[in-house]
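**Student:** predicted structure and sequence below. I'll ask about it afterward.
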Amino acid sequence: MTALHVQPAPSLPSLRAVRLRLLTHLRAILTPDATQAHARTQLRRTLDAEAHGARMQRALLGGRP
């Protein structure tokens, strides 16, 4: 009689390892990238400055504020 080769059942990761991997993945997705946040801030400041310049120009030219 020959012995059949039986592959061992794949072991599942522990619940702790799954939680750690999930938390790491979610943190990476949900944490804003510093570079993107800086670019957003610069864009907002540029748009605010342009809007302020347009308001000042209208005020100086006697247009509506």
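**Tutor:** Nice, I can see it.
**Student:** then stretch 24-33 to PDB, C-alphas only?
**Tutor:** C-alpha atoms of stretch 24-33 as PDB (Å, rounded to 0.1, in the frame of the first residue of the first chain):
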ATOM      1  CA  THR A  24      -2.400  49.600   8.600                       C
ATOM      2  CA  HIS A  25      -4.100  49.500   5.300                       C
ATOM      3  CA  LEU A  26      -7.000  51.700   6.400                       C
ATOM      4  CA  ARG A  27      -4.600  54.200   8.000                       C
ATOM      5  CA  ALA A  28      -2.600  54.400   4.800                       C
ATOM      6  CA  ILE A  29      -5.800  55.100   2.800                       C
ATOM      7  CA  LEU A  30      -7.400  57.500   5.100                       C
ATOM      8  CA  THR A  31      -4.400  59.600   6.200                       C
ATOM      9  CA  PRO A  32      -4.000  62.500   3.800                       C
ATOM     10  CA  ASP A  33      -0.700  62.700   2.000                       C
END
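**Student:** what about the residue minimising distance to the centre of the chain, distance to H5?
**Tutor:** The centre of the chain sits closest to P32, judged by Cα atoms, centre = their mean, with a distance of 3.8 Å. Computed as Cβ to Cβ, to the nearest Å, the P32 to H5 distance reads 51 Å. For glycine as for every other residue, the C-beta is placed from the backbone atoms N, C-alpha and C.
**Student:** now swap in L30 and tell me
**Tutor:** On the measure of Cβ to Cβ, L30 and H5 end up 46 Å apart.
**Student:** mind checking the pLDDT average for the host helix or strand of Q57?
**Tutor:** Using DSSP states H and E, the element containing Q57 is helix 34-60. In this model, helix 34-60 carries a mean pLDDT of 92.
**Student:** what's it packed up against?
**Tutor:** Applying 3 or more Cβ pairs under 8 Å, 6 or more residues apart in numbering; DSSP states H and E, one finds that helix 34-60 contacts no other helix or strand.
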